[in-house]
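**Student:** build me a model:
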Amino acid sequence: MTQKGSTINSMEAVILAGGRGTRLRKAAPGFPKSLAPIGKHPFLSYLLGWLRAQRVTDIILAVGYRRKDIVRQYSECIPCGMRLRFSLEVAPLSTGGALWNLRSMLEGEEFLVLNGDSIFDVDLRKMLSFHRRHRSKTTLALASTQETGRFGSVLMDARGRIKAFVEKKAAGLHGHSERTNSTQLISGGLYIMSKTVFRHIPGRREVSLEKDVFPRLIGGPFYGFLSEGYFIDIGVPEDYQRAKAELTERFTAC
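**Tutor:** This next block holds a predicted model:
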């Protein structure tokens with residue numbers, strides 16, 4: 001019998017879909033960010049479709065804002081071949097708090113974590129192999145970009161260990177992108193984690209993985225995995241419009 005999480009196919013995936021999506025509110029009024037329409041389907045259905053194509057089918061959806069809408073959407077129409085469970089936030093917990101909130105639902109020692117508003121077409125088998133070869137406890141999938149205004153950047157040493165995060169610039173907080181002449185590495189919102197990460201997450205309160213937890217992991221077995229795969233984050237209207245033009249051609253929704 002295959003041990004839970006021993007291969008990428010048997011690994012659980014946590015999708016963090018609890019955000020309010022305030023920057024997207026005018027572009028997709030009336031929807032939580034993960035249910036923003038892309039053609040005939042919600043954005044989240046494309047992310048689930050991508051996971052199913054990777055043969056990752058055991059999914060925990062962490063939902064908060066407009067949680068009843070998300071639960072109703074996927075309770076009435078469970079994607080074929082997938083096991084969906086829901087972790088409900090009755091108060092905002094942010095990404096780290098949402099993960100801590102569902103820790104007892106995880107059956108495997110290792111698991112995937114994905115942001116519910118982005119798709120990063122990473123080769124998950126290669127990423128898991130990298131994660132284990134380096135005896136990493138948390139591995140971030142990293143994309144390269146020249147846009148630094150919207151995202152913070154990630155610095156690594158020669159062995160691929162993450163050594164620092166550089167804060168995004170203030171302009172990015174308002175949804176504007178800024179291009180530079182140098183390529184920067186950014187987190188693609190996709191992680192492989194081991195349960196030891198819960199030692200670094202204070203429980204029962206709002207905690208950000210990006211701001212509060214990841215900086216605490218620096219100096220330990222904390223690595224970045226580079227990927228040239230397609231990446232999109234619909235957090236701002238410009239990229240939401242791009243998603244509407246590109247996703248239906250690239251991915252199959254569940």
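**Student:** from here on, just use CA atoms for contacts and neighbour counts.
**Tutor:** Noted.
**Student:** which helices and strands does whichever helix or strand residue 246 is part of pack with?
**Tutor:** Using DSSP states H and E, residue 246 sits in helix 237-250. Where contact means 3 or more CA pairs under 8 Å, 6 or more residues apart in numbering; DSSP states H and E, helix 237-250 is packed against strand 37-38, strand 231-233.
**Student:** mind putting those into JSON lines with distance to residue 28, mean neighbour count and mean pLDDT?
**Tutor:** Compiled in JSON lines, these are given as follows (distance: least, CA to CA, whole Å; neighbours: other CA atoms under 10 Å; pLDDT from 0 to 100):
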{"stretch": "strand 37-38", "distance to residue 28": "7", "mean neighbour count": "19", "mean pLDDT": "96"}
{"stretch": "strand 231-233", "distance to residue 28": "14", "mean neighbour count": "18", "mean pLDDT": "95"}
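**Student:** now those strands as CSV including distance to residue 84?
**Tutor:** As requested, the helices and strands packed on helix 237-250 are exported to CSV (distance: least, CA to CA, whole Å):
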stretch, distance to residue 84
strand 37-38, 20
strand 231-233, 23
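**Student:** mind checking which of the ones you listed is nearest residue 133?
**Tutor:** For the helices and strands packed on helix 237-250, distance to residue 133 was read as CA to CA. The smallest value, 24.8 Å, belongs to strand 231-233.
**Student:** please name the strands paired to that closest one in the sheet, noting orientation.
**Tutor:** strand 118-120 (antiparallel) (DSSP bridges).
**Student:** can you give me the buried ones in the helix holding residue 246?
**Tutor:** Buried residues in helix 237-250, counted by 16 or more other CA atoms under 10 Å: 237, 240, 243, 244, 247.
**Student:** what helix or strand is residue 253 on?
**Tutor:** Assigned by DSSP H and E, residue 253 falls outside every helix and strand.
**Student:** please report phi then psi for it.
**Tutor:** In terms of degrees, to the nearest 10, the main-chain angles of residue 253 are phi -80, psi 150.
**Student:** tell me the spacing between it and residue 155.
**Tutor:** Counting by CA to CA, to the nearest Å, the separation of residue 253 from residue 155 is 34 Å.
**Student:** looking at the two, which is more packed in?
**Tutor:** residue 253 (20 against 15; other CA atoms under 10 Å).
**Student:** now do the same contact list for that one.
**Tutor:** Contacts for residue 253 (CA atoms under 8 Å, 6 or more residues apart in numbering) come out as 41, 45, 46, 47, 48, 49, 50.
**Student:** among the residues you listed, name the buried ones.
**Tutor:** For the contacts of residue 253, a burial check counting by 16+ other CA under 10 Å picks out 45, 46, 47, 48, 49, 50.
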